[in-house]
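Peer 1: compute the structure for the input listed below.
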Amino acid sequence: MLEPEIRPRPARLDDLPRLTEIYNHYVLTTAITFDVEPVTVEGRRGWFDEHAPKGRHRLLVADYDGVVLGYASSSQFRAKPAYETSVELSVYLAPEHTGYGAGSLLYRQLLDELDGADVHRVYAGVCLPNEASVRLHRSLGFQSVGVYREVGRKFGRYWDVQWFERGVGTP
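Peer 2: Model (predicted):
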C-alpha cells in the first residue's frame, strides 16, 4: 500500500474554515502576522475571493490525504496599477505540520504557476526573528533587500521585518 503524499492544490471554499483556523493560531500566538485580533471565516471570505485558480493572485493548500496542512498565497503587492506584475507571497502551516517540507512544496508550486501569469517579481516579508522562514526564502532563491526596523507593534513590543525578493522564472 502506498503512503499518501503531500500535494499542493488550489484552495476550495470548503477549505476556508481550516485556513482561518491555521491563520488565527499565528494571530494569537506569534508576531508572524501583524493582525492582532482573530479573524472569522466570514471575515476571511473577501480575502479568499481575491485569489483565483488562474492569474497573479493564487491560493494553494498542502493536502495530505484530505487534511489541509497549510497554505501559500500570492496577493497584491501594492494597489497602484504599475505594481500589478509584482506580488507578495505568504505561507502558513498548521503548527503541528511545520518542518516537514510542506512550506517549500507550496512555495515551489506557487512560483512555478506564477511563471506563466505575467508576474515579474515576488516579495515576502519575514517578521524577525524567524530563522526557519529566512532559510526557506533563501533556499528558494530570494534575496534580502532590507529590514524595516520596529515597523510593527504587537504583544507590547516592536518588531523588525526583513524583506525578500526574487524574479519569477529564476532558479
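Peer 1: show me what stretch 43-53 is in contact with.
Peer 2: Identification of contacts with stretch 43-53 by C-beta atoms under 8 Å, 6 or more residues apart in numbering yields 10-11, 13, 16, 19-20, 23, 57-59, 73-76. C-betas here are computed from N, CA, C, even on glycine.
Peer 1: change it to 10 Å
Peer 2: Residues from elsewhere that reach stretch 43-53, judged by C-beta atoms under 10 Å, 6 or more residues apart in numbering: 9-13, 15-17, 19-20, 23-24, 37, 39, 41, 57-60, 71, 73-76, 113.
Peer 1: roughly how far is that stretch from the heart of the chain?
Peer 2: Offset of stretch 43-53 from its chain centre (C-alpha atoms, centre = their mean, to the nearest Å): 14 Å.
Peer 1: also stretch 39-50?
Peer 2: Relative to the chain's own centre, stretch 39-50 is displaced by 15 Å; criterion: C-alpha atoms, centre = their mean.
Peer 1: count the residues that sit near residue 70.
Peer 2: Neighbour count of residue 70, defined by other C-beta atoms under 10 Å: 27.
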